[in-house]
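1. Would you be able to build a 3D model of this:
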Amino acid sequence: MGCSKCGRPGVIFQEYSGLHLCMQHFREDFLHKAKKTVRKNHWLVPGEQYAVALSGGPASCALLDFMRALVGERKDIRLIAVTIQHNDPGMMDNARAIAEALDIPWFVIPEDNETIDIHPENRPGTTNRSPFLTHVSKEYHLSRIAEQQKIDALALGYTLEDHAEWVLWNAISGSGVQNSGCPTEGRKRVRIIRPFTHLSRQELDLYTRLFLNDYYRKCHAETDNCMDNPINAILEQFYSRHPGAPFALVNIGEQLKRFRDQVS
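-> Residues are numbered from 1 along each chain as shown. Sure, this is the predicted structure:
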């Protein structure tokens with residue numbers, strides 16, 4: 001089908017918007033949504049240093065490219081990429097290649113095996129254990145490294161579906177809208193920013209294949225969705241019939257968070 005905006009060949013059909021988009025208008029739409037999320041949350045602060053969590057998967061590679069386009073020419077903001085060492089050579093090669101191509105300082109840190117004292121309801125052996133503990137552990141480790149390097153904000157490539165899953169899990173478990181659950185006492189809190197809150201995994205994967213193909217080799221996504229994650233299974237079936245559902249869940253989560261911040 002032709003692009004809904006210009007008639008040129010389309011590269012994607014957005015079920016939630018009903019639009020067919022060509023390569024140019026897909027890129028414009030992608031960047032507009034990510035920039036709007038950053039502006040809405042006031043995440044860019046002059047004089048600060050930002051680190052991008054770069055696993056080498058499609059979302060993190062797209063995130064580094066976006067952040068480079070957003071702040072790369074600014075003299076008052078410093079940008080680096082940080083990768084936790086892992087055993088997937090393809091993803092490590094992707095991380096190295098894109099950091100070098102974009103001329104972003106890249107740091108590889110060892111995997112952390114330290115046990116994290118997270119909230120009691122998330123500890124192993126409890127009936128209310130969150131399926132997102134891997135995310136919590138990685139975020140905590142990266143935040144700690146970012147603090148040591150005097151980084152002010154850490155950018156993470158979590159997608160629309162990731163956030164929708166978290167909102168539904170918090171509602172089912174009765175946890176409310178939580179932060180990561182990592183201990184912060186005695187530490188400077190590194191701000192977490194998530195520019196892709198309103199962008200789907202499909203769009204992130206397509207963006208990487210279309211615009212980062214010169215230094216990206218397709219490999220597994222970094223969302224860490226487990227086969228035993230019931231939330232993911234429920235939502236995958238629901239999305240096929242209601243493509244706008246993840247946006248609704250994320251919007252509800254944002255409204256609840258604003259309400260919690262006002263009364264806390």
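2. What separation do you get for residue 206 and residue 88?
-> Look at residue 206 and residue 88: by Cβ to Cβ, to the nearest Å, they are 21 Å apart. To be clear about C-beta, it is placed using only N, CA and C from the backbone, and glycine gets the same treatment.
3. More neighbours: these two, which one.
-> Counted by other Cβ atoms under 10 Å, residue 206 and residue 88 do not tie: residue 206 has more neighbours, with 19 against 15.
4. shouldn't the more buried one be in contact with residue 26?
-> Yes. Between residue 206 and residue 26 there is a contact under Cβ atoms under 8 Å: 7.2 Å.
5. Need phi/psi at residue 11.
-> Per-residue torsions, residue 11: phi -110, psi -10 (degrees, to the nearest 10).
6. State the distance from it to residue 18.
-> From residue 11 to residue 18 the distance is 16 Å (Cβ to Cβ).
7. before we move on, what about residue 55?
-> Residue 55 sits 33 Å away from residue 18, going by Cβ to Cβ.
8. More neighbours: which of these two?
-> More neighbours surround residue 55 than the other of residue 55 and residue 18, with 27 against 9 (other Cβ under 10 Å).
9. ok, back up a step: list residues touching both of residue 206 and residue 26?
-> Residues touching both residue 206 and residue 26 by Cβ atoms under 8 Å, 6 or more residues apart in numbering: 11, 12.
10. Local confidence estimate at residue 240?
-> Looking at residue 240, its pLDDT stands at 69.
11. do the same with residue 185
-> Reported pLDDT for residue 185: 39.
12. low-scoring stretches of the protein, by residue?
-> Flagging of the chain using pLDDT under 70 yields the residue ranges 112-135, 174-188, 218-231, 240, 264.
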